[in-house]
Each structure stands twice: as structure tokens, then as C-alpha cells.
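Novice: any chance you could fold what I've pasted below:
(2 chains)
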Amino acid sequence: MSRPVEATGLVKRFGELTAVDGIDLHVDHGEIFAFLGPNGAGKSTTVRMLVTLLQPTEGSARVAGFDVVEHAGEVRQAIGVALQDAAIDPMMTGNELLQLQSVLHGLPRSVIRRRGPELLERVGLTAAADRRVGTYSGGMRRRLDLALSLVHEPSVLFLDEPTTGLDPTSRQSLWEEVRRLNDDGTTVFLTTQYLEEADQLAGRLAIIDGGAIVREGAPGPLKAAVGSPTLRLDVAAEQRDAAHEVLGQFGPDRPCREGRVAIGLDGGSSRMADVVRALDEASIAFAHLELDAPSLDDVFADATGRRLEGALE
Amino acid sequence: MTATAAAADQRSRLRSALDQAAALSLRSIRTSFRNPVSFVPGLVFPLMLAAVYSAQFQRALGLPGFPEVDSFLDFILPASILQAVAFGATAAGADMALDMENGFFDRLLTSPVSRPSILSARLAGSAVEAAIKFVIILGIFLLFGASVKSSVPGVLVILVVSVLLAMAIGGVSLVLALRTGSQEAVNASFPLVFSVLFVSSAFFPTELMEGWYQTIAENNPITWIIDPVRRLVIEGWSWSDSLSAIGLTFAFAVATISWATFALRRRLATL
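Specialist: Alright, predicted model coming up:
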């Protein structure tokens, strides 16, 4: 049986701009695969090609076993899609939208009557079923959007930045729902700019930057490959160069935000005492010192030379 | 697959395409009625204009060259109906552009929906709205003493012309929506519809106009539609007037809807 998602050499150009620059990827049955990257990295463009909204300039992709250009109709039958910003008509009620979506997927009437209430129950919107979507909160819209993408029980689900702009509680409940769907056998392809989201949900992820995949693998091994933990030091501006010199003896530079010095600490926590002693001997006063096991942000920094964390809002 | 199974498959596909088109049409009708701002002004404005004009121009009926009518109300009836219908018709494109702006259009496109039904649903919405407006305006005019000389057959012809005109203008607005993807751009076309109506015979006979204004009005397709419709109202039944009014709006509708279908295909292909 063919893989749920398989893309080779995908390229998308808009005039002069190359948004996606030769992407190869695959997603296996039952996986949650995350596409992690900053704004404008090409995540959404890639998803839009996979869900038949955009035609690739070069390369090809098969989704649910069908070519996305040659057999777009079959692909649409097989996939569930929730794109950025929960695209739903504010003038309609949750119930009406579910009915409409079910008809658009050609479901029999008997199924339609049953499916709507089931899905609303599942995403916790039963009480809001007959309210216009315009009155929903951001989190409710996302959950309805998710329900809409599930009416035909798709085998592959595409979620483009499903939690961008949501508060932490709404984010958690959406994550739980995605996990539950995955437990029931749905393959999930999601894009995100949140490190935590990729870390929490994905069995495997690809980091995309500038239209190309720069790292790919399971979160654990990717982080392990970074090696040493990151040591960060907050220090006054006039002492930054001195601190930099001292820390340089303990490991390689790591990218970090303004006002900080960061290195990968060779030998890990066993060398912390030495670091503190060396800083003290050089009379460097520091406000804050931390040592963190490698995170996906370190993986991102290692691959791109930039930080994803804090670069968002 | 056997021949009968293939036929059954085709039938079920056709049925589901019809179901889809019906569900999408219902949606566009429903949502436009939930947003009264979108259709109430289109109804009130033509009525107000009719009231003001018939008070102002009652004496114009005596001018040499003005057609024989019982009241100015009879004269202006077709103009008011077509005005009301034309004003609402750009909503087809405006609503679709809104779908594009908020992303619902993408949701439709990622669903296994037959592409033309996305357009036909919008046009069906315009058609139903036009028919409802027709009934309301005609009802109010009759209440105030207007009469249609050609009686029921004439009324039916005017209904058909109204619906076709709404679909024709709706088609233009769909083209604008597909080309720009912006609701504001579609709404900006409204003054154009408005002025095309005013440089026609809608509110005054072209015989009494002069110079460039008369030239434009006489060559304005709206005049070619309004004049035969008006003769149905003030003179009586005529096959040739009925056929020319229907034929002209039908041709207009076919042209703009084909253009919209082409614009949709182009938009989908260049994405």
C-alpha cells in the first residue's frame, strides 16, 4: 500500500519568488508528521500543493496514493483539511456548516443526520451547534474547523498551523483531539511555528527554512544529535566580550537573542562549576545562568544559525 | 465495470452534484437573508425614487412625445423593478469575494465539489433574490394604483427578464470577484451599474432627451431591455416585445456567465 503522503522535488515559484525550493518528504501510515518552521518558510505553500489548492511548478506529490495534479478529485475525497485561520462563513451555524460539508462530500442522508451531532459532541460544541459561527471564540472556530475536516472520516488529515493565535488552554484541548484522532488511526500532517507543538505531537518532523528542509527525523534523535546542552548567560553589555572569551574555552558558540551569550557546553553539567569559577576569576558579574538539555530550538539553531523561539510574536 | 454499473455510478455522481449545487445555493440564499443590509437598501431606494419621480414628473406626461400612460407610476414600474434587481445582483460576486477573503473558498476547493456548482450556487442565490424583489416591488406598485396592461402573461415575462438580468449582472460580479478576490473591488462596481441604469430610458423616454445623452441612452442595452418591457406595462401584450426583452437578457446572461466560468477556470489553472 502506498504512503499517505509522498513528495519528490516539489518546487513552487511565484514569479521571481521561490517559495518552495525542492522538497522531498514522506509520511507513513498512522504517523503525526510536523512541518516546523518560521513564517514565510514555505510550510503553507507546501501544504497547499499537497491538498490540491496550488499546482507545483516542478516535482510531484502523491497523497493517499493519488497524484495531486492528475487525480486531484480523488485526493480531495480522501483527505481532511483545516487551513490557517479557521476558514468558515460567520453567517452560518455550526450545524449548518457540518451539513453543508457532508453534502459536499457526497455522504448519504442517513449518515449526514448522524455525523453532525457526533462530531459536534466530539469537539465539545454541542451547546453552540445552532449559534452563528460569528459568535464563536477563536478556539471554538478551530474546533469546528477540525470537525468540518472530519465529516467523511478521512484517512489523512492536514492541519495548517492549527493553534496559531490560540490561548494555552485551547491549544491543549486541540492537541488532545489530534492525539485521539491519531490513536484511532488517522495519519496527521501538521505545520507549526511552535516548537512545543512539534515536540508534543509529532512522531517525526521536518524543519523547513527558506523553502527547503534542513533537518528531518524524530524529535529525540534530532535533539540528541545537537550533542551538548546549551549554556546561556545574561550579562551587562560592557562585559559581553569578556564573557564571550571565557565561555569560548568551554564549547562552541550557539545563536541566542540580544544581551546574552550562549555556548554548547562540552561535557555537560559536570563542567558547570568550572564555568562559574572561570567567570568569577575574570570578574564577570552575571545576572542569570542556565543550562538546558538540547531542545528543538537548538536543533533549529544548529541547522539555520538562527533561533525560532522569541522570533515569533 | 459493467455498462449498467457505470451508468449507475454516473447517475449517483450526477445526483450528488445536484445535491451539492442545491446545498450551496441554499447557503447563499440563507446567508444573504441573514444580512438584511445587503438587500433592504436595494429595495427601499428604487421605491423612494419612484415616489419622488412620480410626484415630480406627473406633469411631464403631457409633454409631446411622452408615451400615452395613465400615470407616471406605470411608466416607471419596469425601471424600478430592474433597478431593485440590478442593485442586489452584485451581491453574488461580493459574497464570493468574501468567501475568498476569509478562506471559506479554499475549504470549498479542497472538498470534492464540482467547480461550476460553486458559481451556479451564487447565481441561483441572485435569481431567487431577484424573484422575491420582483414580487415585493410589483405588489407595492399595484397597491398604489399602477397597472400592467398585458396582465398575467406580461407579468411573467417581466419576472423572467428580472431573473435573467440578475444572473447576467451577477455573472459580471463573479468575474470581478474571481479576478480580484476582493469584496471591496466588487462593491466598487456598484456605481457603474447605477450609472448605466441612469443613462438609459429607465426614467425618461429617449425621445425627449437631447445631444450626447440621447445618443448614449439610445445605444444603452438597458434601454433595449426597458423599452419593450415598458410597452408590456403601458400598451399591452406583444409577442415581439416579450421575445426581444427575454432574448436580449438571456444573451447577456449567457455571455457573462460564460465569462465567469472562463475566469474561474483561469484562476484555478494559474494557482
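
Novice: can you map out the strands along the stretch 1-150 of chain A?
Specialist: Counting by DSSP state E, counting those that start in this stretch, the stretch 1-150 of chain A has strands at residues A:5-14, A:17-27, A:32-36, A:58-63, A:66-67, A:79-82.

Novice: just how off-centre is the last one within its chain?
Specialist: I take that to be strand A:79-82. Its chain's C-alpha centre and that of strand A:79-82 lie 15 Å apart, by C-alpha atoms, centre = their mean, to the nearest Å.

Novice: kindly report the same for stretch A:75-91.
Specialist: How far stretch A:75-91 lies from its chain's middle: 17 Å, per C-alpha atoms, centre = their mean.

Novice: next: stretch B:206-216.
Specialist: With C-alpha atoms, centre = their mean, you get 25 Å for stretch B:206-216.

Novice: repeat that for stretch A:204-221.
Specialist: For stretch A:204-221, the distance between its averaged C-alpha position and the chain's averaged C-alpha position is 10 Å (C-alpha atoms, centre = their mean).

Novice: need the distance between the two termini of that stretch.
Specialist: Start to finish, the residues bounding stretch A:204-221 are 10 Å apart (C-alpha to C-alpha, to the nearest Å).

Novice: list of residues touching it?
Specialist: Residues from elsewhere that reach stretch A:204-221 (C-beta atoms under 8 Å, 6 or more residues apart in numbering or on different chains): A:18-25, A:27, A:31-38, A:41-43, A:45-46, A:198-199, A:202-203, A:222, A:225, A:296, A:299-300, A:302-304. All C-beta atoms are positioned from the backbone trio N, CA, C, and that covers glycine.

Novice: and residue 45, what does it touch?
Specialist: I'll assume chain A. Taking C-beta under 8 Å, 6+ apart as the criterion, residue A:45 is in contact with A:12, A:19-20, A:54, A:211.

Novice: not quite, I wanted chain B
Specialist: When contacts are counted by C-beta under 8 Å, 6+ apart, residue B:45 is found next to B:83-84, B:87.

Novice: sec struct for it, please.
Specialist: Here residue B:45 takes the helix state, with states given by DSSP: H, G, I helix; E, B strand; the rest coil.

Novice: now it: how far from residue B:199?
Specialist: The span separating residue B:45 from residue B:199 equals 18 Å under the rule C-beta to C-beta, to the nearest Å.

Novice: could you pull out the helices in chain B for me?
Specialist: If DSSP state H is used as the criterion, the helices of chain B fall at B:3-34, B:40-56, B:72-89, B:91-102, B:104-110, B:115-143, B:151-180, B:183-187, B:190-198, B:211-218, B:221-234, B:239-270.

Novice: packed most tightly, which of those would that be?
Specialist: helix B:72-89 (a mean of 25; mean count of other C-beta atoms under 10 Å in any protein chain shown).

Novice: quick one: that helix to helix B:190-198, angle?
Specialist: Going by axes from the mean of the first three to the mean of the last three C-alpha atoms, to 10 degrees, helix B:72-89 is angled at 150 degrees with respect to helix B:190-198.

Novice: dump the C-alpha coordinates for helix B:72-89 into CSV.
Specialist: Below are the C-alpha coordinates for helix B:72-89, written out as CSV (Å, rounded to 0.1, in the frame of the first residue of the first chain):
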residue,chain,number,x,y,z
PHE,B,72,-46.0,58.2,-14.2
LEU,B,73,-46.1,55.2,-11.9
ASP,B,74,-46.9,52.9,-14.8
PHE,B,75,-44.1,54.5,-16.8
ILE,B,76,-41.5,53.9,-14.1
LEU,B,77,-42.6,50.5,-13.0
PRO,B,78,-40.2,48.5,-15.2
ALA,B,79,-37.3,50.8,-14.2
SER,B,80,-38.0,50.4,-10.5
ILE,B,81,-38.2,46.6,-10.7
LEU,B,82,-35.0,46.3,-12.8
GLN,B,83,-33.2,48.8,-10.6
ALA,B,84,-34.1,46.8,-7.5
VAL,B,85,-33.0,43.6,-9.1
ALA,B,86,-29.7,45.1,-10.5
PHE,B,87,-28.7,46.6,-7.2
GLY,B,88,-28.9,43.2,-5.4
ALA,B,89,-27.3,41.3,-8.2
